[in-house]
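Undergrad: dropping the sequence and predicted coords here.
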Amino acid sequence: MQIEKRNRTRLFWLLQLVGWGVVNVTVFILPFDFSFQYKLFSFVMASVNGILVTSLYRYLLLKRLENILIKHSLIKIFIGLLVTGFLYFGLNYFSEFVYETVWERTPGEIAFIEEKVSWISTVLGTFLSIFGWTAIYFSVKFLFKYNQNKLEELELNATLREAQLNTLKGQVNPHFMFNSLNNIRGLMLEDVSKSRDMITKLSEMLQYALVKNTVDAIPLEEELEMVENYIALSKIQMEDRLQYVKDIEKGTEGMMIPPMIIQLLVENAAKHGISNLKAGGVISLVTSQDENTLKIKVTNTGKLQINKDSTQLGLQNIRQRLRLLYGTKATFLLEEVESEVVATIKIPIS
């Protein structure tokens, strides 16, 4: 914050030097019959006077104004503009008096002074200079303020997004663990050996979930290992009623995806699809690449039926994480096609 403030102060003084220098350098450009000595004196004193009065103007009035749309702020600016204009005019007039006292004027300079229209035009020119400075100052000030607000907004959105993602990722473990423990409970009294195998698989999956819970993206091949473990865990309970096939397009294994997003789809297909069918069914996982998009499709036998008392936690988790990570660039579609439930995710390839 201190560095930013220091840089803005340096920029202000740089613009002061350059701005007033450019305004007053015209004394060397316009075809006036002035001596070089007078031109140099006029350039230096007018620039110094301009920098002095506008810096004082900024310190006393503008520095503490936060919103010029406020009535009292506009009044302060107007009063400050008048005071600064008269002060600038007075210093320039005093500088001319000093020059005339110390040095002799050339005939061209005397003729120019005598031919000046009136003090009104001089004062008007002075106020136009101060008004132009005020307009530029507020433009730069508002530009900095706008950029600062945008930066703060981006930082706030990033913090909020990270917090939301952490919350969503935290939902995955309890959701998955609850379903897996139910499977283990069902076999605990029937087959101790199978129950032991299920606990081992569950332990491996929970370890994976805990490790990957801190990242936003992992390679697809790592997620496939997680899915294989879940299928093995589910097949212990559903045996031959659950069939699993996969078709992974070559080249997609290393593509980055949100962790446990495919596992949630497969888990949803097994819990709400295959487990409700007496004859069982098939869960199919297909990945493919289409230009700059990775397509993930999970299909299961059955009909798309969502119980009224279902929280749909897994589906909501997927949608929200995709939205937070990719915005509108990613899509998630769940539909029923010819006695099959098809879940399709499309993720942009970075």
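TA: Structure's in. What do you need?
Undergrad: my read: T54 touches W133, true?
TA: Yes - in terms of Cβ atoms under 8 Å, T54 counts as a neighbour of W133; the distance is 5.3 Å. Bear in mind the C-beta positions are built from the backbone N, C-alpha and C, glycine included.
Undergrad: distance of the residue of the chain most remote from its centre from K346?
TA: The centre of the chain is farthest from one residue, P107, which by Cα atoms, centre = their mean lies 64.4 Å away. Separation of P107 from K346 (Cβ to Cβ, to the nearest Å): 84 Å.
Undergrad: where does this structure have its least confident helix or strand?
TA: Taking mean pLDDT, DSSP states H and E as the measure, the chain has helix 107-115 as its least confident helix or strand, at a mean of 63.
Undergrad: residues touching N268, list them.
TA: 314-315, 343 (Cβ atoms under 8 Å, 6 or more residues apart in numbering).
Undergrad: sort those residues by pLDDT and name the bottom one.
TA: Across the set of those, G314 stands lowest in pLDDT, at 70.
Undergrad: quick one: secondary structure of it?
TA: helix (DSSP: H, G, I helix; E, B strand; the rest coil).
Undergrad: residues in contact with it?
TA: Neighbour list for G314: 175, 264-265, 267-268 [criterion: Cβ under 8 Å, 6+ apart].
Undergrad: reformat those into JSON lines and put distance to E338, secondary structure and pLDDT next to each item.
TA: Putting the contacts of G314 into JSON lines (distance: Cβ to Cβ, whole Å; DSSP: H, G, I helix; E, B strand; the rest coil; pLDDT from 0 to 100) gives the following:
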{"residue": "H175", "distance to E338": "29", "secondary structure": "helix", "pLDDT": "55"}
{"residue": "L264", "distance to E338": "24", "secondary structure": "helix", "pLDDT": "85"}
{"residue": "L265", "distance to E338": "19", "secondary structure": "helix", "pLDDT": "91"}
{"residue": "E267", "distance to E338": "23", "secondary structure": "helix", "pLDDT": "86"}
{"residue": "N268", "distance to E338": "19", "secondary structure": "helix", "pLDDT": "86"}
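Undergrad: what's the farthest-apart pair in those?
TA: The distance between the two most remote of those (Cβ to Cβ) is 12.8 Å, for H175 and L265.
Undergrad: so which elements touch whatever helix or strand N92 lives in?
TA: Using DSSP states H and E, N92 sits within helix 71-102. Helix 71-102 is packed against helix 36-60, helix 119-187, with contacts defined by 3 or more Cβ pairs under 8 Å, 6 or more residues apart in numbering; DSSP states H and E.
Undergrad: sweet, I'm off.
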